[in-house]
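**Q** sequence first, predicted coordinates after that:
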Amino acid sequence: MSVDTNTVKRIASLARIAITDDEAGRLAPELGNILGWIEQLGEVDTSGVEPMTAVIPNHLRLRDDVVNADPLTGGGIRDALMTNAPQGEHGFFAVPKVIE
Amino acid sequence: MSEYRIQGATGEWEVVIGLEVHAQVTSEAKLFSGAATAFGAEPNTQVSLVDAAMPGMLPVPNRECIRQAVRTGMAIDAAINRWSRFDRKNYFYADLPQGYQISQLYHPLVGEGHLDISPDEKNPDATKRIGVERIHVEQDAGKLMHDQHPTRSYVDLNRSGVALMEIVSRPDMASPAEAGAYLRKLRAILRYVGSCDGNMEEGSMRADVNVSVRRAGEELGTRTETKNVNSVRFVMAAIEHEANRQVDVIEGGGRVVQETRLFDPDKGVTRSMRSKEDAHDYRYFPDPDLLPLELDEAFLEDCRASLPELPDAKRARYEGMGITPYNAGVLTAEVETARWFDALLEAGAAPAQAANWVSSELFGALNRMGKGIEDSPVAPAQAAELLSLVADGTLSGSLAKQVFEVMLDTGQSPAAIVEERGLKQTSDTGAIEAVIADVLAKNPGQLDQYRGGKQALFGFFVGQTMKAMGGKANPAVVNDLLKKALG
Amino acid sequence: MTELTDLGIAAIRDGVRDGTFSARDVATAFNEKVSAAKALNAFLVETPEHALAAADAADAARAAGKTLGPLAGVPIGMKDLFCTKDVATTASSHILEGFVPPYESTVSQNLWNAGAGMLGKLNMDQFAMGSSNETSFFGNVISPWRRNDGGHAPLAPGGSSGGSSSAVAARLCPGATGTDTGGSIRQPAAFTGISGIKPTYGRCSRWGTIAFASSLDQAGPMARDVTDCAIMLGAMAGFDPKDATSLDLDVPAWDRELSSDLKGKRVGIPKEYRVDGMPQEIEALWQQGVDWLRDAGAEIVEVSLPHTKYALPAYYIIAPAEASSNLARYDGVRYGLRDLPDGANLQDMYAATRADGFGDEVKRRIMIGTYVLSAGFYDAYYTQAQKVRALIARDFDRAWEACDLLLAPTAPSAAFALGEKSADPIAMYLNDVFTVPSSLAGLPAMSVPGGLDAQGLPLGLQIIGRALDEQGVLDAGLAIEERAGFTARPEAWW
Ligand SMILES: [Mg+2]
Ligand SMILES: [Zn+2]
């Protein structure tokens, strides 16, 4: 499997990881190797096989519609929420201006 | 059925419209966290660790949100999928803390359904069926504020994680009017069901508008998607503008580009939305934090049993009671009106008469006061009493109007008003005959003219008699007695 | 007299309960060991006051005649993947440097509720991605073990729970938490001569544990012996309504039910695990394990897990795919590192932050995951991998018709020297060849030390059980432990 540097750049851009041309050049054969190794999965006959959905037989539990039933998953915790913010202003998280 | 065409320089064009409506599910807590959903809170105060995507946080779905989406599906006769699952839609944006939206792509909760629209309000029985492809449940994003700082945007995550239903129509609409009717109908159904408050100003309902144009009978053209249009009027305007723009592009020798656009309500135009341009590869895959959602028969039965009578059924029922199709349409268009009217019928009012009274007298009064029916100062039981006083002859139409005005002012019951102000209509023939005799005696000139053949003066005598009786005489009795007296 | 730090979890628990020594003395002794072992680089943060506070609570409870929790007075190490309230938590990454969670993970909270105290946060492979502990932003963890060749080549403690394995093996703590996504508890346990169990997927809540690959991540204990693992797992596990994949089941009394009598048990030997190039010593140890289990009363049968060969490639699609999405939240907006080059817009900020904040291995896996999920590749890679995963799970289901447990080596080699494999990602990935299949199937599996290789380095044996049969796995582990008599320990050079 060969991966070219343009593909590497496209994937890096999708993943929002800045890379230089050099890095893309270095990563291309490396990713190509790994993807090539992975591709042996194509040998497996999976016709009629359903993809795994639950690792262990289990069904999705639903929770009741109650606000702040558990403080760990409830709201009203702005200060705690923002203590780690790189840039918090007036109760907002600030980011470089976005033009829509 | 739609006659809507765009007259281009080179001929006529048809418009093909599909709508993806995002409707906020009515729930106390968010779809995957226990934070509140109430509108208008201080920024970031209704945000849990889960909604802010702090490291190690996990989603657990809210049963009520699933229930409301299922009920909505049932209300549009849709297939409910007993097995569905959540997928992640991956993209980076400041209003999306996880870097993905939990949504449903491959296995939505609700499959094919439909609703019938009435594009012509005057003729609500002329309907067109619009297909609904699916309804899926997903998380809302947060909100970005761009106007608070010269170089920064501010992120408020209060909406982040609120449950939405994405209701995806088939491209079955052919005019702005049909799209408008679809939105109004959908909104009405959501509000009847109680699954969404339909409040477009607060963003509880937004539409992504897919528009393409084609010459009559030709293949579908390339479509554009205009995002997040938040009123029926704007949706219609956006379609109008976008369809005309596409015709201009094609007739000018260009090609319509498949893209995401924004509607500018101030200018009434759509424009390309560059910020979303490279986000097309969403890398959907099943959310590994969540198991498949499996619904059992008891859950579905509970959803089914809790559905109210829906607008179409109610309208048919009203028409069956002798209410005109127009009135039936008006009375069922909004759930509050229908609820109020049902209470009026419940209190014993005669359907046709009540329907007329509500759509003229009550609506007129509420309009004047700038109030919705849910804030009507007159309760259905009081209105039923008023109507019964008219029906049994206690009040004439004009007396009823007077009584109603007092009811609106004071909130008193009509019987008390009639009693207190002596507004009762009289059918006392002796008293009326005495007044008639007096009127004829005072107007000899008119009497001569009438007897000389000027029949139109009959009304004059009626008016004079009623006036002399202070408006309280039963008009039918006055008519009878006057005819006799005039010979 | 034995040092307090030579005691394991059960011995400390009993000694505190019986008043043989105070919990404070235990905590103090371990705190001193931790602060003196900087050369191992096992701890990222030391929290002696946390350990002392828990110890004092245990001593006070005892003095007041109260019933003590199952881990009262036991100080432990906490892998830095678990969010700990008011204590820096980084997953050994630069992107989370300085992050102080305002919340406690369910697993760590469960441990504190059981009376345990925290000695500190343990170094690990960045975001749990690695098998040698060479991907931490904060430097390699060094294994306390050395080869008996007189050279002092620093060895890998295994990964990703390498801080945990190194600390337990060096007697810096009697037990530590680990997490296992594809072998990250078992392989480091094997490399350092300790025991570790990954329970059934869903036994331990994932809430508050920094996610690597959601459908695979499971927390588990790493300790000196099987009994200690059973005690600690009992405290860590349990239903958590905050985790939709948590199993709503009672936690069995694994430690009290422990029995090394395997009469009536059938142990399967998966023939596909006999891979080319497996060192003879590992082959021999495996045979020795078979004999030990037979001696404990088990019947030995050969079984086939035909899709074993495809487990690693399937894992290297599924885990990176999930990781690429799970790690999207590290964007410099709400917490953690932010790189904002001059004139950068929002998307530039993301790209700069993530380029700077993630290490090479993390980036490599995010890139692979992004690639396999991208338009046009999803079915060929991801869907196919999930189908193969279903086949792997079916292989196990069929094996359970013939046996109750499986015995295999934990890793294909003993600990290697740092730097030896870091240049070749695939060679590194092959470390997990024996641990990944059971991870994909969500099964409980544990590693126990079996012996030393010719270089004097520990080798581990792995037992895999049916879903929810942690008891069977622990019992077989105990049977091996009793027969292996593994007492070797690294000489304290640090
Ligand atoms: Mg959409
Ligand atoms: Zn949507």
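**A** Now that the structure is in, tell me what you want to look at. Here the structure is a predicted model, which is why all the values come from computation and not from measurement. Numbers count the residues shown, from 1 in each chain, chains lettered A, B, ... in the order given. Ligands and ions are numbered 1, 2, ... in the order given.
**Q** which strands and helices sit next to the one helix or strand residue C:14 maps to?
**A** According to DSSP states H and E, residue C:14 maps onto helix C:9-18. Applying 3 or more CB pairs under 8 Å, 6 or more residues apart in numbering or on different chains; DSSP states H and E, one finds that helix C:9-18 contacts helix C:23-36, helix C:48-63, helix C:226-236. Where you see a C-beta, it was placed from the backbone N, CA and C, and this is true even at glycine.
**Q** pick the most buried one from these.
**A** Ranked by mean neighbour count, the helices and strands packed on helix C:9-18 are led by helix C:226-236 with a mean of 27 (mean count of other CB atoms under 10 Å in any protein chain shown).
**Q** can you give me the buried ones in the helix holding residue C:14?
**A** C:9-13, C:15-16 (16 or more other CB atoms under 10 Å in any protein chain shown).
**Q** again with stretch B:401-421
**A** B:402-404, B:406-408, B:412-415, B:417-418.
**Q** ok now that stretch, how far from the chain's centre?
**A** Here the centre of stretch B:401-421 is set off from its chain's centre by 31 Å, with CA atoms, centre = their mean, to the nearest Å.
**Q** for stretch C:433-441, same thing?
**A** Per CA atoms, centre = their mean, the centroid offset for stretch C:433-441 relative to its chain is 13 Å.
**Q** those residues of the stretch 1-150 of chain B touching chain A, which are they?
**A** B:27-29, B:33-36, B:42-52, B:54, B:60-66, B:85, B:92, B:94, B:144-146, B:148-150 (CB under 8 Å from any CB of the partner chain).
**Q** restrict the residues you listed to those near chain C?
**A** Restricting those to those within reach of chain C (CB under 8 Å from any CB) leaves B:49, B:52, B:54, B:60-61, B:92, B:94.
**Q** about what we covered before: which ones among the residues of the stretch 1-150 of chain B next to chain A map onto helices?
**A** Among these, the residues falling in helices (DSSP state H) are B:63-66.
**Q** the nearest residue to residue B:133 once chain neighbours are set aside - how many residues pack around it?
**A** For residue B:133, ignoring the flanking residues on the chain, the nearest one in space by CB to CB, 6 or more residues apart in numbering or on different chains is residue B:168 at 4.6 Å. When neighbours are defined as other CB atoms under 10 Å in any protein chain shown, residue B:168 has 19 of them.
**Q** next SSE downstream of the one helix or strand residue B:168 maps to?
**A** Here residue B:168, judged by DSSP H and E, is contained in strand B:163-169. Later in the chain than strand B:163-169, the nearest helix or strand by DSSP H and E is helix B:176-193.
**Q** distance of the closest residue to residue B:154 other than its chain neighbours relative to residue C:101?
**A** Nearest non-adjacent residue to residue B:154, counting by CB to CB, 6+ apart: residue A:92, 3.6 Å away. Computed as CB to CB, to the nearest Å, the residue A:92 to residue C:101 distance reads 21 Å.
**Q** in terms of pLDDT, where does residue B:200 sit?
**A** Looking at residue B:200, its pLDDT is 88.
**Q** cool, and residue C:147?
**A** According to the prediction, residue C:147 has pLDDT 96.
**Q** I figured it was touching residue C:416, is that so?
**A** No - using CB atoms under 8 Å, residue C:147 makes no contact with residue C:416, being 10.3 Å away.
**Q** low pLDDT regions in the chain?
**A** Answering for chain A, as no chain was given. In the predicted model, chain A carries pLDDT under 70 at residues A:100.
**Q** looking at chain C here, not the other one
**A** C:1.
**Q** who's sitting farthest from the centroid in it?
**A** residue C:343 (43.1 Å; CA atoms, centre = their mean).
**Q** before we move on, back to that, how much space separates the residue nearest to residue B:154 from residue B:179?
**A** 35 Å.
**Q** could you dump the buried residues of stretch B:401-421 into JSON lines with distance to ligand 1 and secondary structure added?
**A** Formatted as JSON lines, the buried residues of stretch B:401-421 follow (distance: CB to the ion, whole Å; DSSP: H, G, I helix; E, B strand; the rest coil):
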{"residue": "B:402", "distance to ligand 1": "55", "secondary structure": "helix"}
{"residue": "B:403", "distance to ligand 1": "53", "secondary structure": "helix"}
{"residue": "B:404", "distance to ligand 1": "48", "secondary structure": "helix"}
{"residue": "B:406", "distance to ligand 1": "53", "secondary structure": "helix"}
{"residue": "B:407", "distance to ligand 1": "49", "secondary structure": "helix"}
{"residue": "B:408", "distance to ligand 1": "46", "secondary structure": "helix"}
{"residue": "B:412", "distance to ligand 1": "53", "secondary structure": "coil"}
{"residue": "B:413", "distance to ligand 1": "52", "secondary structure": "coil"}
{"residue": "B:414", "distance to ligand 1": "52", "secondary structure": "helix"}
{"residue": "B:415", "distance to ligand 1": "56", "secondary structure": "helix"}
{"residue": "B:417", "distance to ligand 1": "55", "secondary structure": "helix"}
{"residue": "B:418", "distance to ligand 1": "58", "secondary structure": "helix"}
